[in-house]
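>>> model the following, please.
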Amino acid sequence: MFLSFNLFIALAHVMLAVARQPASRYQDLTGQHDTCRLASTPVQHHRENAEPTPQPTGPSSTSTTVHITSLNDFALLLPPRDGELISDAESDGTAYCTDGSGCQNSFPAGFITGANISRASDGSYIQITGCMDPSKFHFAQGDDGGQMDVRFPNGAQCTYGGYGASFIEQVEPSANRFCLRCCASPNDQVNCNSHNDKAGCPIAVPGTYEFPGVSCL
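Modelled structure (predicted):
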């Protein structure tokens, strides 16, 4: 009887200790596994989160049309107002061109200090890259520049691809350089990547930025 009573007491302690344990060790491990699995689930990239495709913002306009014909016949979009930042001129940029090439506004004498034209072998784009003397134009002091494209200014286009075709132009007064690439087709984000708008000309439009006695790299 004494042994039976002691056995009863021992069993009672064992049962009490078990009752104090977590309900299910398996459930705890399962929860940790789920957390790791969820944390390692790859992020899904949805189409709606992609950069928007640039679209023209208005009907074509001769005052916002650029062209690249030759080193003596090309146009750029530039600020029309004295001291206007390139970034502000995205809303009212106006075409300026080489003297005698048909624009209402001409580049000042000595403004272009070096330029080079190149074309894609498949005809997908034409471009002009070069250096300029910002002191010859009415840029804002210390302006780092900005980009013009099919979206801004309104009705902007390049004659190479026609209205609606992609083009990108960057003008960087503080770096003494400019670049313009006109693509043959609309929405060409391979050759005319409009999302490189803060990258600068050498990245947005790779080309020649060094000339005899002049460099704007």
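>>> can you pull up the most central residue in this protein?
In the chain, the centroid-proximal residue (CA atoms, centre = their mean) is His195; its distance is 1.9 Å.
>>> next SSE downstream of the helix or strand of the chain with the lowest mean pLDDT?
Using mean pLDDT, DSSP states H and E, the weakest-scoring helix or strand in the chain turns out to be helix 25-39, at a mean of 31. For helix 25-39, the succeeding helix or strand toward the C-terminus, using DSSP states H and E, is strand 65-66.
>>> which helices and strands sit right next to that next one?
strand 73-78, strand 157-158 (3 or more CB pairs under 8 Å, 6 or more residues apart in numbering; DSSP states H and E). C-beta: built from backbone N, CA, C; applies to glycine.
>>> could these be laid out in a markdown table, adding mean neighbour count, distance to Gly58 and mean pLDDT?
Formatted as a markdown table, these follow (neighbours: other CB atoms under 10 Å; distance: least, CB to CB, whole Å; pLDDT from 0 to 100):
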| stretch | mean neighbour count | distance to Gly58 | mean pLDDT |
| --- | --- | --- | --- |
| strand 73-78 | 24 | 14 | 98 |
| strand 157-158 | 25 | 10 | 96 |
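>>> quick one: which of these is nearest Gln170?
Closest to Gln170 of these, according to CB to CB: strand 73-78, at 9.9 Å.
>>> give me the residues contacting the closest one.
The contact list for strand 73-78, computed with CB atoms under 8 Å, 6 or more residues apart in numbering, reads 64-68, 89, 93-98, 101, 103, 105, 107, 115, 117, 128, 137, 148, 153, 156, 169, 171, 178, 180.
>>> so which of these sit within strands?
65-66, 68, 94-97, 105, 115, 117, 128, 148, 169, 171, 178, 180 (DSSP state E).
>>> quick check: the farthest pair among those?
Most distant of the ones in strands among the contacts of strand 73-78, by CB to CB, are Thr94 and Ile117, 22.2 Å apart.
>>> for the closest residue to Pro79 other than its chain neighbours, give its distance to Asn72.
Of all residues not flanking Pro79 in the chain, Ala89 sits nearest, at 3.8 Å (CB to CB, 6 or more residues apart in numbering). Noted for Ala89: a distance of 25 Å to Asn72, by CB to CB, to the nearest Å.
>>> for those two, indicate the residue with more neighbours.
Ala89 (23 against 10; other CB atoms under 10 Å).
>>> got a list of what that one touches?
77-81, 146, 148, 153.
>>> among these, who's most crowded?
Neighbour max across those (other CB under 10 Å) = Leu77, 28 neighbours.
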